[in-house]
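[1] show me how the following folds:
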Amino acid sequence: MQPLWPEHEAWLADYKMYLSHKREPSTVKMYLAEVKHFLDWLEVRNKHLSHLSQADVISFRDEMVGRGMKTATINKWVSIITSFHRWAIENEILTEQMAKRLRLDEDRRDRPRWLSQEEERHLLEVASVERNPFRKSRNEALIHIMMYAGLRIEEVSLLEFNSMDYGDLVIYEDGEERRRVPIQSNLQLKLLEWMKHRSQSSKLFHQNSPFLFVTERSGHMQPRSIQFVVEGFSAKTEFPITCQMLRHTFCRRLVEQNAPIEQIKEWAGHKTIQSTIQYFDH
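    The predicted structure is shown next:
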């Protein structure tokens with residue numbers, strides 16, 4: 001694991017000293033491990049602790065939820081980070097508690113979180129101001145394909161040019177067609193715009209790649225790269241955004257449009273109807 005940035009490392013050492021006067025050694029070790037993990041997570045996103053927002057803390061917590069971690073484990077992490085933030089406020093590193101009201105209960109943990117219509121509009125506005133035509137068209141297509149077709153991040157990464165067929169997106173698994181999702185008109189426009197810029201690339205690894213989504217340095221955009229792009233909008237919108245949240249937004253909008261539950265289940269690729277029911281129970 002990479003060493004922390006010097007200032008983060010120094011703060012962690014100071015926090016260790018603070019804890020050692022209040023906690024048992026085993027507790028200190030656990031607290032430091034969790035705080036270091038959080039600081040590592042921030043640094044991967046090029047974020048300094050002194051510039052922390054609540055959206056960052058929510059995003060980290062929601063990643064824990066997305067990995068299927070138990071509520072008790074998540075709430076223990078919230079308690080540790082709350083303690084660390086309290087210390088950071090006392091030492092004038094932070095100005096306010098960023099971990100407030102983050103504890104989960106069983107009911108809340110299991111509910112999907114989607115964007116409000118206002119948040120949806122704001123996200124699209126923020127994505128539209130990118131100046132680099134290649135990144136702008138690709139990133140807008142990524143957002144649209146998850147928010148208006150409900151694809152999972154792994155499914156987006158594996159899309160090929162032949163995944164588009166007569167107005168449908170075709171999702172394959174192990175070489176076999178698993179489901180089709182209609183391409184909405186707004187999504188179609190963004191896909192065409194992206195394909196135009198992608199086809200204009202002179203890079204051989206772009207020209208030779210069958211994959212729909214690529215990066216500026218690779219002919220295949222991996223799930224981690226997609227996640228990095230999507231979550232990167234959180235800092236600009238000032239509310240957390242994840243790939244899973246965009247997929248949840250797709251399902252919720254279908255509910256709001258009174259789509260039949262079986263239709264939603266089919267388009268979302270849910271294995272059981274219980275996964276689909278949760279979008280109605282609000």
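
[2] can we go C-alpha only for contacts and neighbour counts from here?
    Will do.

[3] pLDDT below threshold where in the protein?
    1, 65-68, 105-110, 274, 281-282 (pLDDT under 70).

[4] tell me the spacing between the residue sitting nearest the centre point of it and residue 28.
    Taking C-alpha atoms, centre = their mean, the centroid of the chain lies closest to residue 242, which sits 2.1 Å from it. Distance from residue 242 to residue 28, counting by C-alpha to C-alpha, to the nearest Å: 32 Å.

[5] same check on residue 35?
    Taking C-alpha to C-alpha, one finds residue 35 at 11 Å from residue 28.

[6] now residue 247
    39 Å.

[7] more neighbours, these two?
    Looking at residue 247 and residue 28 with other C-alpha atoms under 10 Å, you find the greater number of neighbours at residue 247, namely 25 against 18.

[8] what is the neighbour count of residue 150?
    Each residue near residue 150 was counted by other C-alpha under 10 Å, and the total is 26.

[9] leaving out sequence neighbours, find the closest residue to it.
    Nearest residue to residue 150 in three dimensions, chain neighbours excluded: residue 247, at 4.4 Å (C-alpha to C-alpha, 6 or more residues apart in numbering).

[10] give me the residues contacting stretch 82-95.
    15, 35, 49-52, 96-100 (C-alpha atoms under 8 Å, 6 or more residues apart in numbering).

[11] who wins for neighbours among these?
    Busiest of those [other C-alpha under 10 Å] is residue 99, holding 23 neighbours.

[12] quick check: that one vs residue 74, distance?
    Separation of residue 99 from residue 74 (C-alpha to C-alpha): 12 Å.

[13] okay, and the beta partners of the nearest residue to residue 163 once chain neighbours are set aside?
    Once flanking residues are discounted, residue 163 sits nearest to residue 170: 4.9 Å by C-alpha to C-alpha, 6+ apart. Applying DSSP bridges to residue 170 yields these beta-bridge partners: residue 180.

[14] and residue 170, how close does it get to residue 75?
    Taking C-alpha to C-alpha, one finds residue 170 at 39 Å from residue 75.
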